[in-house]
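K.L.:
only geometry, no sequence info:
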């Protein structure tokens, strides 16, 4: 029997607010445990939550970014469950009336463009964190995260493979960073994913029984977890068993999912409107102000990079995957006379390689857009060759000197005097008559030998184009 996977994703995005969603404590990452837990975070008796306006603004910004319905009136609800890191015994979330309604996210897959439905995006507070490693036989509780503003983005069950799930996540990750509503840092827990996975016979409309895989924090682990779960469910059904609706955890060390608990339904949480919080009401002026702050979104920017700069689909997609990279590329283009395609090659090539090697984000690059633009100008005006430019780039990365100072101090200027290069070419041909005869007898591979000899004698400074032209002329 042929099987079809059905995947839906719930993504928790930590919103870029300085304080928590209902209290005044800081949300800065890395503080000592329980140093950022205010009265509201620890649920002291009698304290009341107060809605953070910035969290609402960022949620609306996301909704507008995916063309979703923005609900002018949304309700906060209490989601009741017991866990040691949830001081109140309930989580403030949204259930029946979320701030963001239905929308669409367009993704690129191997088979083309697909529109993935987004059911809703709702505001909620994060829980604290249970600490097990440092407490023998006990569990420590850190409430620094408790009350941090989250936007939970729930997709429709429109994804059909782990590859599509990763494409969706990467597109969503790029979007929240473009919109500047979250830093999207997966290592710090700012972008976390739960995957709902089921299988069904191909052609069947009814959904199969789903399992939810909780808190996956990397694109690679999402792909592996979904693939494992699809195979696990197919094997179970084909061997006469049944898939149980449950919550599972992914173990990256064993590359498997394992059962955590039975899957709760909405009624298990006993949702009801929070009596301490009034309805969140948005007026049109608030929404229109947020709309006016929207940046150029990734898909539109990608199309512009293709038309305005003449870039390939692949290059445009890579450059616009991250807003800071796209901004850097455009700054380089605005400061150099070099072809934008050359600039794209350098940003995606030498610069990306250096950033990866040093584990840096582009915001922390040691070669700013002005420096790279100047380097490309020096290649374009033939001051240095493309090969020498790579050496200059490394020197630029590791020093505070300017491009021109590096070229001048190290004597890297390219030889472009035709007479000077012609004299070297003549000398090489004179000293290697046997190879000249081989070339003229039809051994075209010898040509590279002559180029190498000329470059060796000029210490790599001769203009390669002129060298090739003069050799062709002399070897006729």
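P.N.:
Done, it's in. The model shown is predicted, which means the values in this text are computed figures rather than measured ones.
K.L.:
need the single longest strand in this protein, by residues.
P.N.:
strand 112-125 (DSSP state E).
K.L.:
following the chain onward from that strand, which element is next?
P.N.:
Following strand 112-125 in sequence order, the next helix or strand is strand 129-131 (DSSP states H and E).
K.L.:
how far does the following helix or strand past that following strand sit from its chain's centre?
P.N.:
Moving toward the C-terminus from strand 129-131, the next helix or strand (DSSP H and E) is strand 140-142. Strand 140-142 has its C-alpha centroid displaced from the chain centroid by 30 Å (CA atoms, centre = their mean, to the nearest Å).
K.L.:
what's near enough to touch the closest residue to residue 326 other than its chain neighbours?
P.N.:
Spatial nearest neighbour of residue 326, chain neighbours left out: residue 320 (4.8 Å); criterion: CB to CB, 6 or more residues apart in numbering. Glycine gets a C-beta too; all of them are placed from N, C-alpha and C. Residue 320 makes contact with 174, 298, 301-302, 305, 326, according to CB atoms under 8 Å, 6 or more residues apart in numbering.
K.L.:
gap between residue 320 and residue 178?
P.N.:
For residue 320, the distance to residue 178 equals 9 Å [CB to CB, to the nearest Å].
K.L.:
what do you get for residue 1?
P.N.:
Applying CB to CB to residue 1 and residue 178 gives a distance of 42 Å.
K.L.:
who's more crowded, these two?
P.N.:
Of the pair residue 1 and residue 178, residue 178 is the one with more neighbours under other CB atoms under 10 Å, namely 22 against 7.
K.L.:
ok so residue 267 is a helix residue?
P.N.:
Yes. Looking at residue 267 with DSSP: H, G, I helix; E, B strand; the rest coil, it is inside a helix.
K.L.:
and it, what pLDDT?
P.N.:
Among the per-residue scores, residue 267 shows a pLDDT of 75.
K.L.:
again with residue 350
P.N.:
For residue 350, the predicted pLDDT is 97.
K.L.:
give me the three-state assignment for the closest residue to it other than its chain neighbours.
P.N.:
Spatially, and ignoring its direct neighbours in sequence, residue 350 is nearest to residue 393 (5.3 Å; CB to CB, 6+ apart). Under the three-state scheme (three-state DSSP), residue 393 adopts helix.
K.L.:
tell me the contacts of residue 393?
P.N.:
346, 350, 354, 367, 372, 375.
K.L.:
sorry, back to before: report the set of residues contacting both of residue 320 and residue 178.
P.N.:
What both residue 320 and residue 178 touch, as defined by CB under 8 Å, 6+ apart, is the set residue 298.
K.L.:
report the two of the contacts of residue 320 separated the most.
P.N.:
174 and 305 (14.1 Å; CB to CB).
K.L.:
the two: which is more packed in?
P.N.:
Taking neighbours as other CB under 10 Å, residue 174 and residue 305 compare with residue 305 leading, 25 against 19.
K.L.:
show me what contacts the closest residue to that one other than its chain neighbours?
P.N.:
Once flanking residues are discounted, residue 305 sits nearest to residue 316: 4.0 Å by CB to CB, 6+ apart. Contacts of residue 316 were listed using CB under 8 Å, 6+ apart, and they are 302-303, 305-306, 309.
K.L.:
of the residues you listed, buried ones?
P.N.:
For the contacts of residue 316, a neighbour count by 16 or more other CB atoms under 10 Å gives the buried set as 302, 305-306, 309.
K.L.:
may I see these arranged in JSON lines, with distance to residue 207, pLDDT and secondary structure as well?
P.N.:
Listed next are those as JSON lines, based on distance: CB to CB, whole Å; pLDDT from 0 to 100; DSSP: H, G, I helix; E, B strand; the rest coil:
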{"residue": "302", "distance to residue 207": "33", "pLDDT": "95", "secondary structure": "helix"}
{"residue": "305", "distance to residue 207": "39", "pLDDT": "98", "secondary structure": "helix"}
{"residue": "306", "distance to residue 207": "38", "pLDDT": "97", "secondary structure": "helix"}
{"residue": "309", "distance to residue 207": "44", "pLDDT": "97", "secondary structure": "helix"}
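K.L.:
out of those residues, which comes closest to residue 106?
P.N.:
residue 302 (11.0 Å).
K.L.:
shouldn't the closest one be in contact with residue 314?
P.N.:
No. Between residue 302 and residue 314 there is no contact under CB atoms under 8 Å: 10.4 Å.
K.L.:
now do the shared contacts for the two.
P.N.:
Contacts common to residue 302 and residue 314, judged by CB under 8 Å, 6+ apart, are absent.
K.L.:
contacts for the helix of greatest length in the chain next, please.
P.N.:
Scanning the chain for the helix with the most residues, using DSSP state H, yields helix 219-238. Outside helix 219-238, the residues within contact range by CB under 8 Å, 6+ apart are 1, 3, 5, 7, 161-163, 165-166, 169-170, 193, 195, 197-199, 208, 211, 213, 216, 242-243, 248, 250, 252, 255-257.
K.L.:
tell me the buried residues in it?
P.N.:
Quick answer for helix 219-238 (16+ other CB under 10 Å): 219, 221-230, 232-233, 237.
K.L.:
which single one of the residues you listed is nearest to residue 142?
P.N.:
Once CB to CB is applied, the member of the buried residues of helix 219-238 that ends up nearest residue 142 is residue 221, at 23.1 Å.
K.L.:
give me the distance between the closest one and residue 193.
P.N.:
For residue 221, the distance to residue 193 - CB to CB - is 9 Å.
K.L.:
and residue 36, how many neighbours?
P.N.:
If we define neighbours as other CB under 10 Å, then residue 36 has 23 of them.
K.L.:
name the SS class of it, please.
P.N.:
Applying three-state DSSP: residue 36 is coil.
K.L.:
residue 247 too?
P.N.:
Strictly by three-state DSSP, residue 247 counts as strand.
K.L.:
tell me how this protein divides into domains.
P.N.:
Using automatic domain parsing, the domain ranges for the chain come out as 3-289, 296-409, 418-475.
K.L.:
got the contact list for the helix or strand encompassing residue 346?
P.N.:
Secondary structure from DSSP H and E places residue 346 in helix 340-346. With contacts defined as CB under 8 Å, 6+ apart, helix 340-346 is touched by 309-311, 315, 319, 329, 332-333, 336, 372-373, 375-376, 379-380, 393.
K.L.:
now with 7 Å?
P.N.:
Residues from elsewhere that reach helix 340-346 (CB atoms under 7 Å, 6 or more residues apart in numbering): 309-311, 315, 319, 329, 332-333, 336, 372, 376.
K.L.:
flag every buried residue along it.
P.N.:
For helix 340-346, the neighbour count (16+ other CB under 10 Å) marks 340, 342-346 as buried.
K.L.:
one more: stretch 15-25?
P.N.:
For stretch 15-25, using 16+ other CB under 10 Å, the buried residues are 15-17, 19-23, 25.
K.L.:
and for stretch 460-467?
P.N.:
The neighbour-count check on stretch 460-467 (16+ other CB under 10 Å) flags 460-463, 466-467 as buried.
K.L.:
chain center to that stretch: distance?
P.N.:
Relative to the centre of its chain, stretch 460-467 is centred 40 Å away, using CA atoms, centre = their mean.
K.L.:
what's the mean pLDDT across it?
P.N.:
On average, stretch 460-467 scores 83.
K.L.:
what lies in contact with that stretch?
P.N.:
So stretch 460-467 is contacted by 382, 385, 387-388, 414-416, 418, 421, 424-425, 451, 454-455 (CB under 7 Å, 6+ apart).
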